[in-house]
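Asker: Pasting the sequence and the predicted model now:
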Amino acid sequence: MTNKYDMLGPKCQYPDEGSEELEEDMTIGIGFRCKDGILIAGDRQRSKGDSARSVTKVKGFDIREGLSGIYIGSGTSSAVDMVFDNLNRALRADLREEGVEETIDKAIKEIYKRHIKMPGSKKKPSFSMLIGLWMRDENLMFLSAAADSPAMVIRDQPYKAIGSGAKIANFVIGTFYPWFDGAVVDALLIAVMAVNAAKEYDPSCGGETDIIGLLEDGSFIKPKNAKAVAKLEGRQADLLTSLKDMFSSGSDFSDTEGSLVNLKSEMEKLHKKYRRDPLLVHRFPREFTKADFESALRKVSRRVSP
């Protein structure tokens, strides 16, 4: 059996066991800019030396009037969590594009200040993030930011991956969908495959897969439950096995062109078959307004009236 530490040959280099890099929560995060929204996905493993525990790094911002958003972070765990908390408080519906970027950069600078004061801090925090925002006047925005780079809106890329598993995810996505232009439900299927591959072949990735999407009307879309995602991962098991052979070769894949064609064909069949699987995706509406509540109350009253 091929050890996942040996996968991809020269294509991906992982830190040695005991390396300080393993103390960081690198893992995998992916974001897609879709025709009808934005989708982000990632694993739940948090690595600390020889131990690991399950956490949720895919989060939705508190819904407020005129604004909703989604977030995934990878890197120093305390920094990832603090950036999310700062942004959750600071983001406002009246911000424009430049104001959103400035707000994210300000949150990152604040994390540096707080991190320096933390007991035992020996080095600067390392982290990156992907953010999807819906604002009533600005519509949808897909952004990236990191500890060492400013926030910016992603315009010319249909997807972006962060974390140590990014190289694996980029290869998988690039193999099947180099010019992705689909909907959120399409991205969900691809994201599951890419995250699953990263979990299989990158020792820093693992645990369950978390997914959340933000639609163009500001509502969220999520898998119905963890079992639904695991079920889809099971359906992709044969594809993952085929990828394993290609990864293990460490080649430029010029001698596996036939395998790639077959893989793409099988992926397309899986895509068409399960694209509308009602067990996989459940839509969560935006927070009720007073008018929504009154409308729902009237419907209930009509059903119970004699």
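Answerer: All right, it came through fine.
Asker: Quick one: neighbours of residue 231, just the number.
Answerer: 15 (other Cβ atoms under 10 Å). The way it works is simple: take the backbone N, C-alpha and C, and place the C-beta from them, glycine included.
Asker: residue contacts, it?
Answerer: 279, 280 (Cβ atoms under 8 Å, 6 or more residues apart in numbering).
Asker: mean confidence score for the longest helix anywhere in the chain?
Answerer: If you go by DSSP state H, the chain has its longest helix at helix 97-117. Summarised as a single mean, pLDDT over helix 97-117 is 84.
Asker: mind listing what's buried in it?
Answerer: 100, 101, 103, 104, 107, 108, 111, 115 (16 or more other Cβ atoms under 10 Å).
Asker: From the contact counts, what lies against that helix?
Answerer: helix 77-90, strand 139-146, strand 149-153 (3 or more Cβ pairs under 8 Å, 6 or more residues apart in numbering; DSSP states H and E).
Asker: So which residues of the protein form helices?
Answerer: 77-90, 97-117, 166-176, 184-201, 226-235, 237-249, 257-274, 290-304.
Asker: Let's have those in CSV, adding distance to residue 141.
Answerer: Below are those laid out as CSV (distance: least, Cβ to Cβ, whole Å):
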stretch, distance to residue 141
helix 77-90, 13
helix 97-117, 6
helix 166-176, 21
helix 184-201, 15
helix 226-235, 26
helix 237-249, 33
helix 257-274, 27
helix 290-304, 25
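Asker: Now do the same for stretch 70-77: mean pLDDT, whole number.
Answerer: 89.
Asker: go on, stretch 270-284?
Answerer: For stretch 270-284, mean pLDDT rounds to 73.
Asker: can you list the residues that contact that stretch?
Answerer: Contacts of stretch 270-284 (Cβ under 8 Å, 6+ apart): 185-186, 188-189, 215, 219-224, 228-229, 231-232, 235-236, 239.
Asker: One more: stretch 99-117?
Answerer: Contacting residues not belonging to stretch 99-117 are listed as 76, 78-79, 82-83, 86-87, 90-91, 95, 121, 124-125, 131, 133, 138, 141, 143, 145, 147, 150-153 [Cβ under 8 Å, 6+ apart].
Asker: what does stretch 73-89 give?
Answerer: 24-29, 42, 46, 55, 57, 59, 61-62, 71, 103-104, 107-108, 110-111, 114-115, 118, 125-129, 131, 146-147, 162-163.
Asker: Pull the CA coordinates from stretch 155-165 and hand them back as CSV.
Answerer: C-alpha atoms of stretch 155-165 as CSV (Å, rounded to 0.1, in the frame of the first residue of the first chain):
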residue,chain,number,x,y,z
ARG,A,155,-12.0,38.3,-10.5
ASP,A,156,-10.0,36.3,-13.0
GLN,A,157,-10.0,32.9,-11.2
PRO,A,158,-13.0,30.6,-11.1
TYR,A,159,-11.6,28.9,-8.0
LYS,A,160,-8.8,29.2,-5.4
ALA,A,161,-7.3,26.8,-2.9
ILE,A,162,-5.4,27.5,0.3
GLY,A,163,-3.4,25.4,2.8
SER,A,164,-0.9,22.5,2.4
GLY,A,165,-3.4,20.5,0.4
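Asker: For it, buried residues please.
Answerer: Using 16+ other Cβ under 10 Å as the test for burial, stretch 155-165 gives 158, 159, 160, 161, 162, 163, 164, 165.
Asker: are any of the contacts of stretch 99-117 buried, and which?
Answerer: 76, 78-79, 82-83, 86-87, 91, 95, 125, 131, 133, 138, 141, 143, 145, 147, 151.
Asker: Including pLDDT and distance to residue 175, could the buried residues of stretch 155-165 go into CSV?
Answerer: Listed next are these as CSV, based on pLDDT from 0 to 100; distance: Cβ to Cβ, whole Å:
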residue, pLDDT, distance to residue 175
158, 93, 14
159, 95, 13
160, 95, 17
161, 95, 13
162, 94, 19
163, 91, 19
164, 88, 19
165, 91, 15
